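Engineer: build me a model from this:
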Amino acid sequence: MTAALVILSFFLLKGFDKEAGSWAPAFGISGLVAVICGFAMTFTAPLPKPYNTPFGEMSVFLGILFLGTAWALAKGWNLLPLGIYAFFAGAAAVLLGVRIINLSLTQSPVLSGAGFILTGMGGVLAGLILWKHKVKFLRVSGALIMLAAAAIWALTGYLAYWMHMIPPH
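Structural biologist: Next up, the predicted model:
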């Protein structure tokens, strides 16, 4: 998630040029990892309920969006139609973020909820940013939102890696 959002941030800042297709592999790699891990999380239930839904399904939504972006960039297609999908996936992420905070889910509900809300806001705003991609203010604003979300997911993810490496007693 962190790498995907950082890649998206840099794309928003630098990728709308004649070399846009060169970003396809980075989006493809991020998308493939997110889809595979998200499907595994959703269907094998490695997390206690209700965590599989927000973490697993949202990973699949993001991964599919990134795979679609990779394909569109490689083909030189317009990204705007993907912004429509991103809007609905983003709205679901915002809703889940608010609900995580509301129910005090996870060990850090405000941090986790903020990660979902910021990531979701990127999706909600994606169509506008893609439509008006020549407006630097919109691209920079979107990139900063994605970098803030990436920072939250980096903290969350790396702390989880650290905590999962505790040997059994």
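Engineer: show me where pLDDT drops low in this structure?
Structural biologist: Within the chain, the stretches falling below the threshold (pLDDT under 70) are 45-47.
Engineer: ok, which stretches of it are helices?
Structural biologist: All helices of the chain, identified by DSSP state H, fall at 2-14, 24-44, 52, 58-75, 80-103, 109-131, 136-164.
Engineer: give the buried residues for the second one.
Structural biologist: Think helix 24-44. Taking 16 or more other CB atoms under 10 Å as the neighbour-count basis, helix 24-44 is seen to contain the buried residues 24, 26-31, 33-35, 37-38, 41-42. Placement of C-beta: from N, CA and C, glycine included.
Engineer: ok, the fifth one next?
Structural biologist: Within helix 80-103, the residues that count as buried by 16+ other CB under 10 Å are 82-83, 85-87, 89-90, 92-94, 96-97, 99-101.
Engineer: try the last one
Structural biologist: Applying a neighbour-count criterion of 16+ other CB under 10 Å, the buried positions in helix 136-164 are 138-139, 142-143, 145-150, 152-154, 156.
Engineer: rewinding a little: Phe55: which of the buried residues of helix 24-44 is nearest?
Structural biologist: Distances from Phe55 to these, taken as CB to CB, are shortest for Met41 (5.9 Å).
Engineer: that closest one contacts Gly56, correct?
Structural biologist: Yes - A contact is recorded between Met41 and Gly56 when judged using CB atoms under 8 Å, the distance being 3.4 Å.
Engineer: can I get the buried residues of helix 24-44 in CSV with distance to His164?
Structural biologist: Formatted as CSV, the entries for these read as follows, by distance: CB to CB, whole Å:
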residue, distance to His164
Ala24, 32
Ala26, 27
Phe27, 28
Gly28, 27
Ile29, 23
Ser30, 22
Gly31, 24
Val33, 18
Ala34, 19
Val35, 22
Cys37, 14
Gly38, 18
Met41, 14
Thr42, 19
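Engineer: which one of these sits closest to Leu128?
Structural biologist: Top of the list for closeness to Leu128, among the buried residues of helix 24-44 and by CB to CB, is Phe27 at 19.6 Å.
Engineer: surely that closest one and Phe10 touch.
Structural biologist: No - between Phe27 and Phe10 there is no contact under CB under 8 Å: 11.0 Å.
Engineer: could I have the CA atoms of stretch 11-27 written out in PDB?
Structural biologist: Taking only C-alpha atoms (Å, rounded to 0.1, in the frame of the first residue of the first chain), the coordinates of stretch 11-27 have been written out as PDB:
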ATOM      1  CA  PHE A  11       3.000  10.000 -11.000                       C
ATOM      2  CA  LEU A  12       0.700  12.900 -10.100                       C
ATOM      3  CA  LEU A  13       3.800  15.200  -9.900                       C
ATOM      4  CA  LYS A  14       5.800  14.000 -12.900                       C
ATOM      5  CA  GLY A  15       3.900  11.400 -14.900                       C
ATOM      6  CA  PHE A  16       1.600  13.400 -17.200                       C
ATOM      7  CA  ASP A  17       4.000  13.700 -20.100                       C
ATOM      8  CA  LYS A  18       5.100  11.900 -23.200                       C
ATOM      9  CA  GLU A  19       6.700   9.200 -21.000                       C
ATOM     10  CA  ALA A  20       3.600   8.300 -19.100                       C
ATOM     11  CA  GLY A  21       3.700   4.700 -20.300                       C
ATOM     12  CA  SER A  22       7.000   4.200 -18.500                       C
ATOM     13  CA  TRP A  23       5.000   4.300 -15.200                       C
ATOM     14  CA  ALA A  24       3.000   1.100 -16.200                       C
ATOM     15  CA  PRO A  25       5.300  -1.400 -14.600                       C
ATOM     16  CA  ALA A  26       5.300   0.400 -11.300                       C
ATOM     17  CA  PHE A  27       1.500   0.500 -11.200                       C
END
